[in-house]
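Q: Need a 3D model of the following:
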Amino acid sequence: AADYQGALSAYRRAIEGAKQLLVWPDVETLAISCHANAAFCLLKVAKPLEARAECEAALCLPMANAAGAALVSKVWLRRLQALVDVHESGAHGDMHDEAV
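A: Next up, the predicted model:
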């Protein structure tokens, strides 16, 4: 079985480590990728609100618009999946009404 919790921890450590080791814009490109992968892990363990937060963190970075279409598309796709999962589960939490 896949260790999504372990992978999630590794992605979160990579984001923090990148902030200390890399310079802009490399740090943001890596952070966007790690946030997207963390969101994937959270979706797999049925935590769509947390997955959405990871996607939002990636999309708020200044380099999000320049990171490359494939990477940014992955973030948007995972954000959309998180919104669908939240809607289907009825666990809206602090999520505001949004068009999906």
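Q: Show me how far the longest helix along the chain is from its chain's centre.
A: For the chain, the longest helix by residue count, based on DSSP state H, is helix 69-89. Mean C-alpha position of helix 69-89 versus that of the full chain (Cα atoms, centre = their mean, to the nearest Å) differs by 9 Å.
Q: Just the element for Gly58, please.
A: Careful, residue 58 is Ala; it's not Gly. Per DSSP states H and E: Ala58 is located in helix 48-59.
Q: Return the residues in contact with the nearest residue to Leu59 once chain neighbours are set aside.
A: In this structure, Leu59 finds its nearest non-sequential neighbour in Val75, 6.0 Å apart by Cβ to Cβ, 6 or more residues apart in numbering. C-betas here are computed from N, CA, C, even on glycine. Going by Cβ atoms under 8 Å, 6 or more residues apart in numbering, Val75 touches 32, 35-36, 39, 55, 58-59, 64.
Q: Swap in 10 Å and give it another go.
A: Contacts for Val75 (Cβ atoms under 10 Å, 6 or more residues apart in numbering) come out as 32-33, 35-37, 39, 54-59, 61, 64, 67.
Q: Buried among those residues? Make that a PyMOL selection.
A: The buried subset of these, as determined by 16 or more other Cβ atoms under 10 Å, is captured in PyMOL by this line:
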select buried, resi 32+33+35+36+37+39+54+55+57+58+59+61+64+67
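Q: now, among the contacts of Val75, which is nearest to Ser89?
A: Closest to Ser89 out of the contacts of Val75 is Ala39 (16.0 Å), distances taken as Cβ to Cβ.
Q: tell me the contacts of that closest one?
A: Going by Cβ under 10 Å, 6+ apart, Ala39 touches 8, 11, 47-48, 50-58, 74-75, 77-79, 81-82.
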